[in-house]
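Visitor: Need a 3D model of the sequence below.
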Amino acid sequence: MFMKNQTHYIGPRRRLFQWTTTVILLLLPWLEVDGKSLLRLDIAGQKLYLFGQILRIQELYLVLLATLIFVLSFLLVTVVLGRVWCGWLCPQTTLSDLAEWTARRLGLTVKHNHLHGPLWRKMLVQGIFLFLAFVVAANLLWYFIPPRHFFSLLLSLDLHYAAWITLIGTGLVVYLDLAVVRRLMCRELCPYGRVQTALVDKATLSLHLPGSELERCLECNSCVRACPMEIDIRDGYQVECTNCGRCLDACRKVMTKQNEPGLIRYTFGLHGEGLTGLLNPRVLLPVVAITALLVTLGFALVDRPVATLKISVSHTAATRQLENDQIGTFFNAWINNRSQAKAVYTMEARQKESSAPLLLKGQVRAELTAGENRRLDFLLVTPAHEFITVELVLKDQEGLELSIAEAYIGKTQNE
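Guide: From the prediction side, this is the model:
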């Protein structure tokens, strides 16, 4: 016989997932590694702080690889777990849940996506929605501006105009979402639900009421009243269903009083295919692709140079004729310390063919902090009537060669 103390509800687990991800999103910009943001895009500095690594714009191919892995993983999760993302982890669902929970705590009722109750309570909840919208908009900016610096600039009204536009624009969109849209986004506007229907596999995790259980249904309509999307799960699979599990909990509460198990359940496949049904090409091919990309990304991260050297002939100073039949060519160099520690670098020059050393004058030594990118200006001295290939070598303080850049000097340079 079914025992009441065996009843397990989905709601607490779903809320735990929702608020765990929310807290992570809010706190992530505040966390630092060695004084550097754990995750932040520095647009002005053209670099990405990524969990202890500092990636400059030249290394964004790594981010593209990671993005491709994320997209494929997201599609794989959709094939395997269906709409669980929508009901359990999607920020839109979390915001809608929070908005409706707040409204009910203030004595309002929510019906057909509208708030009903006294005007003063509606005004109060709108004020809370405005505050929540500001927090969400500010949280977005924290991934571009360090949070402490953000509040300092905000209080002094010294935010960049682009930051003001982002803050106000995002805040307004989020406020309208909380105040007006909410479940309409999931039911009518979100394209993901439509895409998901094309990705459904015969073994995809689904929330449904098996036909064999319909005869036990008490027609209490508890599942319908609990559904935030206002659908009836007894009508079969519907694109509006977000697999949130509220109907499952509602049914279990009613059936527990009858000392019976609930009718609604999560199953892999609508016909009980089970986990073995996932062993098919639509699941296995993305798994293979993701594994290959992860291996590629791992090798790319391991092979990252600890420092790089980029050079160009200076456009602000001309080549000079020097004594002893020599010429001097002005260069600009950009050194990037990609390591996680301060380092001292030295530049040297040599002919590529003979490895004969060449003279450098100017800024040829620099001390860079972790992740720093610095420009150096120097003069390269070469014979006046020869066309040579020059190697500019970046070395660390132990004399180890870290990066080599080539330049071509000679007659064509002066023509």
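
Visitor: Buried ones in the host helix or strand of Arg374, by neighbour count?
Guide: Element membership of Arg374 [criterion: DSSP states H and E] is strand 373-383. Of the residues in strand 373-383, Asn373, Leu376, Phe378, Leu379, Leu380, Val381, Thr382 count as buried by neighbour count, 16 or more other CB atoms under 10 Å. Bear in mind the C-beta positions are built from the backbone N, C-alpha and C, glycine included.

Visitor: Now pLDDT and distance to Pro118 too, for those, in JSON lines please.
Guide: Converted to JSON lines, the buried residues of strand 373-383 look like this (pLDDT from 0 to 100; distance: CB to CB, whole Å):
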{"residue": "Asn373", "pLDDT": "85", "distance to Pro118": "59"}
{"residue": "Leu376", "pLDDT": "91", "distance to Pro118": "69"}
{"residue": "Phe378", "pLDDT": "91", "distance to Pro118": "74"}
{"residue": "Leu379", "pLDDT": "91", "distance to Pro118": "78"}
{"residue": "Leu380", "pLDDT": "90", "distance to Pro118": "79"}
{"residue": "Val381", "pLDDT": "90", "distance to Pro118": "84"}
{"residue": "Thr382", "pLDDT": "88", "distance to Pro118": "85"}
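
Visitor: For the residues you listed, please prepare JSON lines with the additional fields distance to Thr204.
Guide: Listed next are these as JSON lines, based on distance: CB to CB, whole Å:
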{"residue": "Asn373", "distance to Thr204": "47"}
{"residue": "Leu376", "distance to Thr204": "57"}
{"residue": "Phe378", "distance to Thr204": "62"}
{"residue": "Leu379", "distance to Thr204": "66"}
{"residue": "Leu380", "distance to Thr204": "63"}
{"residue": "Val381", "distance to Thr204": "69"}
{"residue": "Thr382", "distance to Thr204": "67"}
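
Visitor: All the helices of the protein, residue numbers only.
Guide: 11-27, 60-81, 84, 91-105, 119-142, 147-155, 161-176, 183-184, 192-199, 222-226, 246-256, 281-302, 411-414 (DSSP state H).

Visitor: Let me have the ones you listed in TSV, extended by mean neighbour count, mean pLDDT and distance to Lys111.
Guide: Converted to TSV, these look like this (neighbours: other CB atoms under 10 Å; pLDDT from 0 to 100; distance: least, CB to CB, whole Å):
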stretch	mean neighbour count	mean pLDDT	distance to Lys111
helix 11-27	14	92	20
helix 60-81	15	87	30
helix 84	23	84	26
helix 91-105	18	94	11
helix 119-142	16	96	14
helix 147-155	14	94	38
helix 161-176	15	96	20
helix 183-184	17	90	11
helix 192-199	14	77	22
helix 222-226	17	93	10
helix 246-256	22	94	16
helix 281-302	13	89	40
helix 411-414	11	44	78
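
Visitor: For Gln351, find the nearest of these.
Guide: helix 411-414 (15.0 Å; CB to CB).

Visitor: Apart from its chain neighbours, what residue comes closest to Ile54?
Guide: Nearest residue to Ile54 in three dimensions, chain neighbours excluded: Gly371, at 3.3 Å (CB to CB, 6 or more residues apart in numbering).

Visitor: contacting residues around the one you found?
Guide: By CB atoms under 8 Å, 6 or more residues apart in numbering, the contact list for Gly371 reads Lys36, Lys47, Tyr49, Ile54, Asn337, Arg338, Gln340.

Visitor: The strand holding Arg374 pairs with which strands, parallel or anti?
Guide: When pairing is defined by DSSP bridges, strand 373-383 lines up against strand 326-337 (antiparallel), strand 357-362 (antiparallel).

Visitor: list the contacts for the closest residue to Ala179 other than its chain neighbours?
Guide: In space, and not counting its chain neighbours, Ala179 is closest to Phe129: 5.3 Å by CB to CB, 6+ apart. Residues in contact with Phe129 (CB under 8 Å, 6+ apart) are Ala99, Thr102, Tyr175, Leu178, Ala179.

Visitor: any idea how far the residue nearest to the spatial centre of the chain lies from Ser73?
Guide: For the chain, the residue nearest the mean C-alpha position is Thr67 (8.1 Å; CA atoms, centre = their mean). Here the criterion is CB to CB, to the nearest Å. By it, Thr67 lies 11 Å from Ser73.

Visitor: Output stretch 396-404 as PDB, nothing but the C-alphas.
Guide: Taking C-alpha atoms only, stretch 396-404 is exported to PDB below (Å, rounded to 0.1, in the frame of the first residue of the first chain):
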ATOM      1  CA  ASP A 396      62.200  36.300 -20.000                       C
ATOM      2  CA  GLN A 397      64.600  37.100 -17.200                       C
ATOM      3  CA  GLU A 398      66.100  33.700 -17.400                       C
ATOM      4  CA  GLY A 399      66.900  34.200 -21.100                       C
ATOM      5  CA  LEU A 400      64.300  31.800 -22.400                       C
ATOM      6  CA  GLU A 401      62.900  32.700 -25.800                       C
ATOM      7  CA  LEU A 402      59.100  33.200 -25.500                       C
ATOM      8  CA  SER A 403      58.000  34.800 -28.800                       C
ATOM      9  CA  ILE A 404      59.600  35.700 -32.100                       C
END
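
Visitor: pLDDT below threshold where in the stretch 301-415 of the chain?
Guide: 315-318, 410-415 (pLDDT under 70).
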